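>>> Below are the sequence and a predicted model; questions follow.
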Amino acid sequence: MRWSMLAGVDGRDVLRVLDLVAGFDVWIGGGWGIDALIGHQTRDHRDLDLMHRHEHEHGVLEALAAAGFVETLDWRPIRFVQTHEDGREIDLHPLVFQPDGSARQASPKPDEPFIYPANCFTSGVIEGREVPCLSAEQQVHFHQGYAPSERDRHDMAQLREAFGIHTHF
């Protein structure tokens, strides 16, 4: 896999990762998920957040390993990080789907999992290509209950402007 020479993860990198894990259910979250909803890159990104079906984890990991990614952080069952030798990171979040199409992700509080309503799985656009991502409402939901960074403030401003929705900061 040939990565871009710029620091961080750019749109072409995101599409390359999606091509690697084609055939597995994944959704883009975090900053790239917001940029996908907006339809273009609005800021630099240090990593790529990917939600994936828990039962697809083995296949996703095999695909990433074949491209030179290795695990550098393991906070399972909440999340884990795969890093390429050039420093690019993919932050993976395993989801356990329910019969109604919603999903749950483990959280630091075992009795309070992160909830993904069935309607939060949507699509956006990166580099002109339709990609799976989380909805604006889900992004806002996950951006609460902590002191926001400048990146968080930027991302929420993008959602307010594009969708006219209320954010917590």
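In hand now; what should we look at?
>>> Checking Leu18 next. Helix, strand or coil?
helix (DSSP: H, G, I helix; E, B strand; the rest coil).
>>> Give me the nearest residue to it, chain neighbours excluded.
Distances taken as Cβ to Cβ, 6 or more residues apart in numbering place Val131 nearest to Leu18, at 6.2 Å, with adjacent residues excluded. Placement of C-beta: from N, CA and C, glycine included.
>>> Equivalent analysis for Thr122, please.
Excluding its sequence neighbours, the residue lying closest to Thr122 (Cβ to Cβ, 6+ apart) is Ser135, at 4.8 Å.
>>> next one: stretch 53-70 to chain centre, how far?
A distance of 15 Å separates the centroid of the chain from that of stretch 53-70, by Cα atoms, centre = their mean, to the nearest Å.
>>> same question, stretch 83-96
In this view, stretch 83-96 has its centroid 9 Å away from the chain centroid, taken as Cα atoms, centre = their mean.
>>> need the helices for the chain, in chain order.
When assigned using DSSP state H, the helices of the chain occupy the ranges 11-20, 30-38, 57-66, 136-142, 150-163.
>>> closest to Phe80 out of the ones you listed?
Evaluated with Cβ to Cβ, those place helix 57-66 nearest to Phe80, the distance being 9.1 Å.
>>> what pLDDT, on average, does the closest one get?
Confidence for helix 57-66, expressed as mean pLDDT, is 97.
>>> on contacts alone, who are the packing partners of that helix?
With contacts defined as 3 or more Cβ pairs under 8 Å, 6 or more residues apart in numbering; DSSP states H and E, helix 57-66 has these neighbours: helix 11-20, strand 89-97.
>>> And it, what's buried?
Taking 16 or more other Cβ atoms under 10 Å as the neighbour-count basis, helix 57-66 is seen to contain the buried residues Glu57, Val60, Leu61, Ala63, Leu64.
>>> returning to what we had before: could I get the helices of the chain as TSV with distance to Ile90?
Listed next are the helices of the chain as TSV, based on distance: least, Cβ to Cβ, whole Å:
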stretch	distance to Ile90
helix 11-20	6
helix 30-38	10
helix 57-66	7
helix 136-142	17
helix 150-163	17
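>>> Check those for me and report the most buried one.
Counting by mean count of other Cβ atoms under 10 Å, helix 30-38 has the highest mean neighbour count of these, with a mean of 25.
>>> who does that helix touch, helix- and strand-wise?
Using 3+ Cβ pairs under 8 Å, 6+ apart as the contact criterion, the elements in contact with helix 30-38 are strand 47-53, strand 121-126, strand 129-134, helix 136-142, helix 150-163.
>>> okay, the angle between the third one and helix 11-20?
Looking back up the chat, that one is strand 129-134. Counting by axes from the mean of the first three to the mean of the last three Cα atoms, to 10 degrees, strand 129-134 lies at 80 degrees to helix 11-20.
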